[in-house]
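> Pasting a predicted model and its sequence here:
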Amino acid sequence: MNPFQSLRSYEEFLYTLQQRFPAIVSATLVATRRGTRVVTVGGEVMFPEGLRLVVSERLTSETGSLCLVRYGYKAWRGSEKLYWYDSQPHPGDLALAATAPHHKHEPPDLKHNRVPAPKLSFAAPNLPVLIEEIESLLGQVD
């Protein structure tokens, strides 16, 4: 099943994440229609050890199927922001050109230290990649 086939299929994908990823403790993700062609997704996915993923997506269905047009994903452990991904273009940063606009902000300087994010896309759901990344952090308490 292609989750971007329709809003209904993406909602089914979102609302069954916990069944496909057993490490998910709970999720508050909600898909909301904003007119006839725009959908926003927001909420959190919670994991053990205080890990959580904050999700913000904006999708459009102008061609019939869904397509991401903007996103932001933030990973937290308790009150510590670990890293985040966003789709804000940085055309002057040549190091990001290969995956533009997809990139990750990571330590030591979260705001300014950006690296390419080759696994993220506007054409497919990013959540499986992000959830697997969070799962890899389980058991790695600093």
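Ah, there it is.

> Next, give phi and psi for residue 48.
phi -60, psi 170 (degrees, to the nearest 10).

> For this protein, which segments count as helices?
7-15, 17-20, 127-137 (DSSP state H).

> Name the nearest residue to the spatially most central residue of the chain, sequence neighbours excluded.
Centroid-nearest residue in the chain, with Cα atoms, centre = their mean: residue 73, separated by 4.4 Å. Excluding the flanking residues, the one nearest residue 73 by Cβ to Cβ, 6 or more residues apart in numbering is residue 85, at 4.5 Å. Using the backbone N, CA and C atoms, a C-beta is placed for each residue, glycine as well.

> Kindly report the same for residue 135.
Nearest to residue 135 is residue 23, by Cβ to Cβ, 6+ apart, at 4.9 Å.

> Tally up the residues packed near that neighbour, please.
Applying other Cβ atoms under 10 Å, we find 16 other residues in the vicinity of residue 23.

> just for the protein, where's the confidence low?
1, 141-142 (pLDDT under 70).

> where's residue 123 relative to residue 103, distance?
17 Å (Cβ to Cβ, to the nearest Å).

> out of these two, which sits in the more crowded spot?
Each of residue 123 and residue 103 has its neighbours counted (other Cβ under 10 Å); residue 103 has more, 24 against 9.

> Across the sheet, point out what pairs with residue 55.
Beta-bridge partners recorded for residue 55 (DSSP bridges): residue 43, residue 73.

> Any idea how many residues pack against it?
22.

> who are the neighbours in contact with it?
Residues counted as contacts of residue 55 (Cβ atoms under 8 Å, 6 or more residues apart in numbering) are 29, 41-45, 71-73, 127.
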